[in-house]
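**Q** Based on what follows, work out the 3D shape:
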Amino acid sequence: MEIKNRMLFCLLLCCFFSTAQVDQQGSVTANKPALIPTPKQVSWGKGFFDLSQCKYIINAVPDFEREANFLQKKLLDLGVKVEVVKEMAKPGNAIVFHILDNTPAKEAYALTVEEKQIKISASNAHGIFNGIQTLLQLSNQKKQTAICSIMDEPAFSIRGYMFDVGRNYQSIPLIKQQLDVMAMYKLNAYHMHLTEDIAWRIESKIFPKLIDSSFMIRNKGKFYTYQELRELVEYCRARHIEFIPEIDMPGHSAAFKRATGFDMQSPEGKAILKQVLQEFMAEVDVPYFHLGGDEVVYKDKNFLKDIADLMLAKGKKLIAWDPGGTVPAGTIHQLWNGNKKPWTKEPNLDSRHLYLNHFDPLEGVVATFNHSMLDVDKGDSIHLGGILCNWPDRRLENEMDALRMSPTYPAMLAFAERCWKGGGYHQFSSDMGKPGQDKYEAFAEFECRMMVHKKIHFQSLPFPYTKQTGIEWNLMGPFDNKGIATTQFLPEQPSYWDTTNLERAAKVYGGTIWLRHFWHPLIASHLQSPAENSTWYAYRKIYSDKETEQYFWIGFNNISRSHQAPAPPIGSWDDRGSKVWVNGVSVDPPVWKNSNRKTTTLEDPLVDEGYEYRAPTKIHLKKGWNTILIKAPVASFKSAWYAPVKWMFSFVAVD
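**A** Numbers count the residues shown, from 1 in each chain. You can find the predicted model right below:
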C-alpha cells in the first residue's frame, strides 16, 4: 500500500514545483530552488533578484574574464542581455565578481543574492565558475533569483565521469553534451578510455595503421584526430574539467597488436608504443595520463615502470587501475573491484560499484546516492574522490543508447551530490531503507530535487528514471519450489492477502527490488539470506481516482550492457518463470524482438530487453484500489558468466 506519512506527502507535493528545496536545517520548503549538489551552507531570505532587469556583469579581475563571458552567454540563452564591464557607468542591477585572498578550498565560493545585486566571490576562476553554476540553478523560469547567502566547497577534490569510446565510439557533439551536464553539476574530471581490444581511437601520424578500419572490430574507421582531442581539452578547460586520457596497456590492446603485428609487451611492441606515446604527448597537452594496467598477465615485469618513467619525465600525473600492475609510488590508484580496500598512504580514486553499464536505473541511482566514497566522509590528499564509469562492452546500435540504456544522467546527479557533499550510508547498498530512517528520508529529499531537474533540464535528453520513493511492497516467502518455477503457492490466491498476512509480510521499498544481487554477497539485497529453489511474492496496492490506462515500467532481469545474456523466451518475462498480476489478471510480457537468437554475442545489440528503453506496459486501472502481485521464483544461482542470475523485479509507474 502506498505510504502516506506526513513527510513523504510533503516531498511528493514539492516535486510539482520548480522551486522546491530544503532550508538550512534540512526541512522541505515549497519556494526555494532545487539545488544539486546541495551547498555546504545556505540561508534563505525573502524576495528575489529580478534577473530580467540585470544590466551588468562587473568584473575587474583578468583571471575571471572567461567566466564573465561564459555567464554572459548563459544569460543570453535565457533571454537576458547584459554587458560585461569593469565598473558601472551608470546605476543598474548587476552581478559582481569579487576576488578573495583566502578561501578554505580550491573550488570554494561564496554567493550572495540581494534585491539589486548578486555577488560571487572566490580566490580563483574555478570557484567563480562553481558559483555561476549555482546561480543558474537559483534562477527559476520567471528569471527570479531567490535571495540567499551561500558558502560552499566540495568534500572531494576529484569528481569524474568516464566513457569507454574504445569499445563504442562517441561523436564529439555527444561528448560535449555530457561535458555540459558535468559542468552544470560541478563534476571536474572527464576520463576518456581511448583504446581497447575493439579499436584504437587515437590518430597516429607515425603509425597510421593503428586507425586503419580493417583493424577495428566495431565502429570501423571511427577515431579522434589530434585536432578533435585538443578541441575537447579546451572545451573541458573552459568548464574547469580535467581531461584524463587513457591508453590502456599492456592489456586490452588487441587492436594495437593487429595493427602493428607486435604484442605491447614484446621489445618491438614496447618500442612502437613509446613512440606513439611521445607523439600523443607532443600533440595533446594535459597534466594527467591514465596507464590502464589491469586484467593482464605481465610477461614483461618492467613494462609499467618503463612506461611510467617515460610519462613522469614529461611531467605527467599518473593514474592506473587497481587491482592492476605495479606502479611507481605516487600514482593515483583507481579502485574498480569491490573487494579492494583504499590505500592508506597512496592516493586513491573510487570506481567500485560505480559502473553504469551494470546498473538497473532505479537501484543504480539509490546505490550511487548511498555510496560512501572511498569509505570516508570527506576527502584529503589520499582520498581524492571518485569517477563514475560507463563501460558498454556490448555493441551499441546507436550512440545515444549509451544514455538511454544506462542511467547516465540520473546517476550522474546522484554521484555529483555524493562527491560534493560527502558522507554516505554503505559502500554497496541499493536498499533505500525504510520511512523514518535517515537514509530513506535523505534519498527521498534528493529524489524530489532530482525530479525537478529532470523536468527543467532533461526534457530533450535521455533520463531513464522515475519517482520510486513512496512505494511499499509486502514480501512473502520463501516457498520451497524444489527447482520447479511453475509451482503455485497460497499467495497466488487473492484471499491470501488479508490483514493478518499483510501484517506479517516483510516491508521493502522502491521501484526495483533485488532478492539476490548478482554480485552477492558483496552487494547486499533486500533479502538478508536469499536461497536457491525459492519463490517469493510481492504485493502492493495502487489507488486511482478514476478508471484509466496508465503506463508502467515492468522488468525481471535488467541485462547489463556488458553481458551477452539472451532475450527472455517468447511468452515469458524472464527465464525463471516470473509473473505479474494486476487485479488478478496476468500481465502479458512483450513480444521480444531477439528471442529467436539461438546464440548471443557482445556484437548483438540490445533492443527491448530493458524496461527503461522499450515502450512501457499499458495497464488498465479501475477506480479505487488496484492490487499488484509479483511472483519471483528462482532455481539455481549458478549460471554462465555472461548471463548471471539477476533475481529481481521492477514495477513502477512512469511519470
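
**Q** contacts, neighbours, all on C-alpha from now
**A** OK.

**Q** now Gln72: how far from Gly79?
**A** 11 Å (Cα to Cα, to the nearest Å).

**Q** Kindly report the same for Val165.
**A** From Val165 across to Gly79, the span is 36 Å (Cα to Cα).

**Q** Looking at Gln72 and Gly79, which is more packed in?
**A** Gln72 (19 against 12; other Cα atoms under 10 Å).

**Q** The more buried one reaches Val82, doesn't it?
**A** Yes. Counting by Cα atoms under 8 Å, Val82 is a contact partner of Gln72 at 6.4 Å.

**Q** Overlap of the contact sets of these two?
**A** Shared contacts of Gln72 and Val82, defined by Cα atoms under 8 Å, 6 or more residues apart in numbering, comprise Ile57.

**Q** residue ranges of the helices in this structure, please?
**A** With helices called from DSSP state H, the chain shows them at 6-14, 65-77, 125-138, 172-184, 226-238, 254-260, 267-283, 303-313, 361-370, 401-404, 408-421, 438-457, 499-504.

**Q** how far is the last one from where the chain is centred?
**A** Mean C-alpha position of helix 499-504 versus that of the full chain (Cα atoms, centre = their mean, to the nearest Å) differs by 38 Å.

**Q** got the CA positions of that helix in CSV?
**A** What follows is helix 499-504, C-alpha atoms only, in CSV (Å, rounded to 0.1, in the frame of the first residue of the first chain):
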residue,chain,number,x,y,z
THR,A,499,-4.9,-8.1,7.0
THR,A,500,-3.2,-10.9,9.0
ASN,A,501,-0.8,-11.9,6.3
LEU,A,502,-0.1,-8.4,5.2
GLU,A,503,0.9,-7.5,8.8
ARG,A,504,3.4,-10.4,8.9
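
**Q** quick one: buried residues of stretch 446-464?
**A** Buried residues in stretch 446-464, defined by neighbour count with 16 or more other Cα atoms under 10 Å: Phe446, Glu447, Cys448, Arg449, Met450, Met451, Val452, His453, Lys454, Pro462, Phe463, Pro464.

**Q** which one is the spatially most central residue of the chain nearest to, not counting chain neighbours?
**A** Taking Cα atoms, centre = their mean, the centroid of the chain lies closest to Ala411, which sits 2.8 Å from it. Excluding its sequence neighbours, the residue lying closest to Ala411 (Cα to Cα, 6 or more residues apart in numbering) is Val365, at 4.9 Å.

**Q** State the pair within the buried residues of stretch 446-464 that is farthest apart.
**A** Phe446 and Pro462 (19.4 Å; Cα to Cα).

**Q** circling back: I figured the residue nearest to the centre of the chain hits Glu363, correct?
**A** No. Using Cα under 8 Å, Ala411 makes no contact with Glu363, being 9.8 Å away.

**Q** Can you pull the poorly scored residue ranges out of the chain?
**A** Along the chain, the model assigns pLDDT under 70 to residues 1-31, 103-104.

**Q** count of residues packed around Met311?
**A** 21.

**Q** Repeat that for Val297.
**A** Neighbours around Val297, by other Cα under 10 Å: 12.

**Q** do Gly436 as well
**A** 12.

**Q** Number of residues surrounding the nearest residue to Lys299 once chain neighbours are set aside?
**A** Excluding its sequence neighbours, the residue lying closest to Lys299 (Cα to Cα, 6+ apart) is Gln265, at 6.8 Å. Gln265 has 20 neighbouring residues, counting by other Cα under 10 Å.

**Q** Would you agree Gln265 is in contact with Phe303?
**A** Yes. In this structure, Gln265 is within contact of Phe303 by Cα under 8 Å, at 6.8 Å.

**Q** which neighbours do those two share?
**A** By Cα under 8 Å, 6+ apart, the residues touching both Gln265 and Phe303 are Pro250.

**Q** who touches the closest residue to Arg352 other than its chain neighbours in this structure?
**A** Leaving aside its chain neighbours, Arg352 sits nearest to Trp336 (4.5 Å; criterion: Cα to Cα, 6+ apart). Counting by Cα under 8 Å, 6+ apart, Trp336 makes contact with Trp321, Asp322, Pro323, Asp350, Ser351, Arg352, His353.

**Q** The last one: how many residues sit nearby?
**A** By that I understand His353. With other Cα under 10 Å as criterion, His353 counts 24.

**Q** Would you mind confirming that Ala506 makes contact with Lys434?
**A** No. Look at Ala506 against Lys434 with Cα under 8 Å: they stay out of range, at 11.3 Å.

**Q** Might you report the residue contacts of the closest residue to His563 other than its chain neighbours?
**A** Nearest residue to His563, sequence neighbours excluded (Cα to Cα, 6+ apart): Tyr642, at 5.1 Å. Contact analysis of Tyr642 by Cα under 8 Å, 6+ apart lists His563, Gln564, Ala565.

**Q** so how far is Ala367 from the first one?
**A** His563 sits at a distance of 20 Å from Ala367 (criterion: Cα to Cα).

**Q** The second one too?
**A** Computed with Cα to Cα, the distance linking Gln564 and Ala367 is 24 Å.

**Q** Give me the more crowded residue out of these two.
**A** More crowded of Gln564 and Ala367, by other Cα under 10 Å: Ala367, with 27 against 23.

**Q** Might you report the residue contacts of the residue lying closest to that one once chain neighbours are set aside?
**A** Closest residue to Ala367 apart from its sequence neighbours, by Cα to Cα, 6+ apart: Ser430 at 4.3 Å. Residues counted as contacts of Ser430 (Cα under 8 Å, 6+ apart) are Glu363, Gly364, Val366, Ala367, Asn370, Ile523, Ala524, Ser525.

**Q** do the same with Leu229
**A** Contacts of Leu229 by Cα under 8 Å, 6+ apart are Val284.

**Q** same question, Gly422
**A** Pro154, Ala155, Phe156, Ser372, Met373, Asp377, Lys378, Gly379 are the contacts of Gly422 under Cα under 8 Å, 6+ apart.

**Q** so can I have JSON lines of those residues showing distance to His193 and neighbour count?
**A** As requested, the contacts of Gly422 are arranged in JSON lines below (distance: Cα to Cα, whole Å; neighbours: other Cα atoms under 10 Å):
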{"residue": "Pro154", "distance to His193": "26", "neighbour count": "26"}
{"residue": "Ala155", "distance to His193": "26", "neighbour count": "22"}
{"residue": "Phe156", "distance to His193": "22", "neighbour count": "21"}
{"residue": "Ser372", "distance to His193": "25", "neighbour count": "22"}
{"residue": "Met373", "distance to His193": "22", "neighbour count": "31"}
{"residue": "Asp377", "distance to His193": "28", "neighbour count": "17"}
{"residue": "Lys378", "distance to His193": "27", "neighbour count": "21"}
{"residue": "Gly379", "distance to His193": "25", "neighbour count": "22"}
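
**Q** And the residues you listed, which two are furthest apart?
**A** Pro154 and Ser372 (14.6 Å).

**Q** where's Ser560 relative to Ser406, distance?
**A** Counting by Cα to Cα, the gap from Ser560 to Ser406 is 9 Å.
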